[in-house]
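**Student:** Here is my input; please provide its structure:
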Amino acid sequence: MKARDVKGLDPVGPLADNVERIARTRLDELFAFAPAVLDPKNVRELHDMRIAAKRLRYVLEPTQHLFGPYVVTAVRRTKELQDLLGELHDCDDMLPRVTRIMATEHAAEAAELRARAAPDARDLDPATVRDAPRADAWRGLHAFAAWLEARRSVLHDAFLRQWTDLGRAGFRARLEYALAERAPEPPAPDPEPALAARTEP
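**Tutor:** Numbers count the residues shown, from 1 in each chain. All right, here's what the predicted structure looks like:
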């Protein structure tokens, strides 16, 4: 997913102002994937939302000291969202691999069973399946594929709850407010001790 361009950046302007612009753009990206991500079939949107969450987190994490206190919470909540979507993406990445292996095993199994038939056979005895050479692999692959599908469903339900919780907690509005805040400047160091040290004999 290509990141959106950030408009209005000022190379000589205050760091906090520029980071705020970047963070607001990344926040818009994150929320642009709703409501598509509410449908578990939208694999691409779920994957892209994970990337958007990562980008938002990476902007906020090193700069959170510049803004209001809610940004600390926002970083944590964004990481939780990113992690959960990452686990979901792992299932989406692994399941097609398992399916491809199963297809390869299926073709090889059929070829071996076919080779057991006599050249002039008019049918294949069902009993040949009893000692099918890949039976154990089939059971393991089917079980793994079923587990991946079930796990993905559980993770998507967990994502829906987490996304709903973020909405109820006012995540977006609170983060936008915190980005508009500026952390108080630290007090300037007292120049007197340094001056005294230089003037001592």
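**Student:** what's the weakest-modelled helix or strand in this protein?
**Tutor:** The helix or strand of the chain with the poorest confidence is helix 191-199; it has a mean of 60 (mean pLDDT, DSSP states H and E).
**Student:** In the protein, where is pLDDT below threshold?
**Tutor:** Within the chain, the ranges that satisfy pLDDT under 70 run 185-188, 191, 193-201.
**Student:** If we use 80, what do you get?
**Tutor:** Applying pLDDT under 80 to the chain flags residues 129-138, 184-201.
**Student:** which strands and helices sit next to the one helix or strand residue 73 maps to?
**Tutor:** Here residue 73 sits within helix 70-115, counting by DSSP states H and E. Where contact means 3 or more C-beta pairs under 8 Å, 6 or more residues apart in numbering; DSSP states H and E, helix 70-115 is packed against helix 43-60, helix 135-168, helix 171-180. The C-beta positions use only the backbone N, C-alpha and C, and glycine is treated the same way.
**Student:** tilt between the second one and helix 171-180?
**Tutor:** Which is helix 135-168. 60 degrees (axes from the mean of the first three to the mean of the last three C-alpha atoms, to 10 degrees).
**Student:** how distant is helix 135-168 from the center of its chain?
**Tutor:** Offset of helix 135-168 from its chain centre (C-alpha atoms, centre = their mean, to the nearest Å): 15 Å.
**Student:** before we move on, the earlier item: which one of the helices and strands packed on helix 70-115 lies closest to residue 115?
**Tutor:** The closest of the helices and strands packed on helix 70-115 to residue 115 is helix 135-168. By C-beta to C-beta, the value is 16.4 Å.
**Student:** Thank you, goodbye.
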